[in-house]
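K.L.:
here you go, sequence then predicted model.
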Amino acid sequence: MATSLRHDLLQMGIAPGDVVLARAAYRAVGRAGDGGGDFLAELLDLVGDQGTVACLAFTKGGWWWQAGQLPPFTPATPSYAGALPNAMLAHPGVHRSTHPQCSFVAIGRHARALTAGHGPGDGAYEPMRKLIALDAKMLVAGCVAVNPGFTTTHLAEVDLGLHRRRILPWLSVSRYLDDQGQVRVFHRRDPGCCSSAYWKFYGAYVRAGILTTGKVGNAYAICAPAAQCYAIERDILARDSRFNLCDSPDCLTCNALRWDRLHRWPLWLWRRARRQSPTWFRRPDG
Ligand SMILES: [Zn+2]
């Protein structure tokens with residue numbers, strides 16, 4: 001029985017010539033199966049010369065008052081988004097966009113075009129629009145539980161203006177080097193909403209017959225076409241702009257950083273204070 005990563009990727013619907021946006025818990029996928037090999041190498045080999053593999057290589061920012069301590073973003077800045085984007089950054093054929101917080105990396109036929117024109121002045125999720133136009137497939141492997149859903153939802157949020165519900169987004173900053181090598185401060189204008197509840201879209205994907213599920217190596221994985229996902233997500237969010245709210249009372253974004261959730265501030269603060277200083281809230285003995 002074939003158990004190689006290539007077999008698993010084929011079962012997920014990945015084919016030669018495909019454009020694939022991959023998110024993966026690299027270690028969870030690992031080098032599983034006989035002849036499995038390395039996930040990135042196997043994916044690149046499968047899509048081939050005419051294919052393209054892209055990945056989010058997002059980098060940490062800080063609050064504006066921390067700006068002076070933030071190292072400027074450069075094309076070599078490691079991503080916090082796991083081992084896969086950092087493995088891609090080490091690949092000799094990689095292209096990386098220059099958005100200071102939400103850079104994309106890509107290898108293959110469309111890599112240059114996908115990452116071009118995505119700098120400090122551009123929308124954070126604009127490469128998703130190019131991936132949609134290229135009829136890309138979105139693969140999530142090994143991180144479905146902790147990082148559900150697809151990045152097309154963030155683009156749908158921005159296109160519907162839902163990012164304007166985030167309170168004071170420009171408080172989130174990064175630094176970067178401009179074309180003259182000068183250090184500049186970048187203020188975020190289009191933050192994504194909370195993605196913890198993006199699994200809520202899965203039912204609509206299934207009803208449309210576009211969600212493939214399976215195993216890649218040892219990891220549970222999902223895969224779906226970007227264009228159809230975006231259309232579904234945009235349609236649902238246009239009808240219900242709160243569909244993307246998660247149900248965690250501790251979620252900062254959903255309880256305290258959206259204008260339409262401002263009424264949740266007192267409860268969120270109380271819960272936070274109680275967790276940090278439990279002794280204040282303890283009843284006196286006796
Ligand atoms: Zn949330």
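P.N.:
Structure received.
K.L.:
residue nearest the centroid of this structure?
P.N.:
Thr151 (5.3 Å; CA atoms, centre = their mean).
K.L.:
show me the contacts for that residue.
P.N.:
Taking CB atoms under 8 Å, 6 or more residues apart in numbering as the contact definition, Thr151 lies against 21, 23, 56, 125, 128, 138. Every C-beta, even on glycine, is put in place using the N, C-alpha and C of the backbone.
K.L.:
quick one: pLDDT of it?
P.N.:
Looking at Thr151, its pLDDT is 97.
K.L.:
ramachandran angles for it?
P.N.:
Phi and psi for Thr151, reported as degrees, to the nearest 10, are phi -70, psi -20.
K.L.:
how about Cys223?
P.N.:
The phi/psi pair for Cys223 (degrees, to the nearest 10) reads phi -150, psi 140.
K.L.:
just flag the most distant two among the contacts of Thr151.
P.N.:
Spatial extent of the contacts of Thr151 (CB to CB) is set by the pair Arg23 and Tyr125 at 14.0 Å.
K.L.:
which bits of the stretch 151-286 of the chain sit near the ion?
P.N.:
Applying CB under 5 Å from the ion, one finds that the stretch 151-286 of the chain approaches the ion through 194, 196, 246, 251, 253-254.
K.L.:
just put those residues in JSON lines and tack on secondary structure and pLDDT.
P.N.:
Shown next, in JSON lines, are those (DSSP: H, G, I helix; E, B strand; the rest coil; pLDDT from 0 to 100):
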{"residue": "Cys194", "secondary structure": "coil", "pLDDT": "89"}
{"residue": "Ser196", "secondary structure": "coil", "pLDDT": "92"}
{"residue": "Cys246", "secondary structure": "coil", "pLDDT": "92"}
{"residue": "Cys251", "secondary structure": "coil", "pLDDT": "87"}
{"residue": "Thr253", "secondary structure": "helix", "pLDDT": "84"}
{"residue": "Cys254", "secondary structure": "helix", "pLDDT": "86"}
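K.L.:
name the nearest of those relative to Gln101.
P.N.:
Of all those, Gln101 sits closest to Thr253, with 15.3 Å by CB to CB.
K.L.:
hang on, the earlier thing: any idea how far the residue nearest to the centre of the chain lies from Trp199?
P.N.:
Note on Thr151: its distance to Trp199, by CB to CB, to the nearest Å, is 14 Å.
K.L.:
low-confidence bits of this structure, can you list those?
P.N.:
Residue ranges of the chain with pLDDT under 70: 1-3, 31-37, 278-286.
K.L.:
one more time with 50, if that's ok
P.N.:
The chain contains residues with pLDDT under 50 at 1-3, 32-36, 284-286.
K.L.:
tell me the domain boundaries of it?
P.N.:
Domain assignment for the chain by automatic domain parsing gives 5-246, 248-286.
K.L.:
for the residue of the stretch 51-200 of the chain found nearest the ion, the count of nearby residues, please.
P.N.:
Closest to the ion within the stretch 51-200 of the chain is Cys194: 3.0 Å, counting by CB to the ion. Neighbour count of Cys194, defined by other CB atoms under 10 Å: 18.
K.L.:
quick check: it touching Asp247?
P.N.:
No: counting by CB atoms under 8 Å, Asp247 is not a contact partner of Cys194; they are 10.5 Å apart.
K.L.:
what about the helices in the stretch 51-200 of the chain?
P.N.:
Ranges of helices in the stretch 51-200 of the chain, per DSSP state H, counting those that start in this stretch, are 83-89, 111-115, 126-133, 152-159.
K.L.:
just the strands in the stretch 151-286 of the chain please.
P.N.:
Secondary structure of the stretch 151-286 of the chain (DSSP state E, counting those that start in this stretch): strands located at 172-177, 183-187, 212-216, 219-225.
K.L.:
Arg166 and Arg261, how far apart?
P.N.:
Arg166 sits 10 Å away from Arg261, taking CB to CB as the criterion.
K.L.:
pick out whichever of those two has more residues nearby.
P.N.:
Legend: neighbour count by other CB under 10 Å for Arg166 and Arg261, higher for Arg166 (21 against 18).
K.L.:
good, wrapping up.
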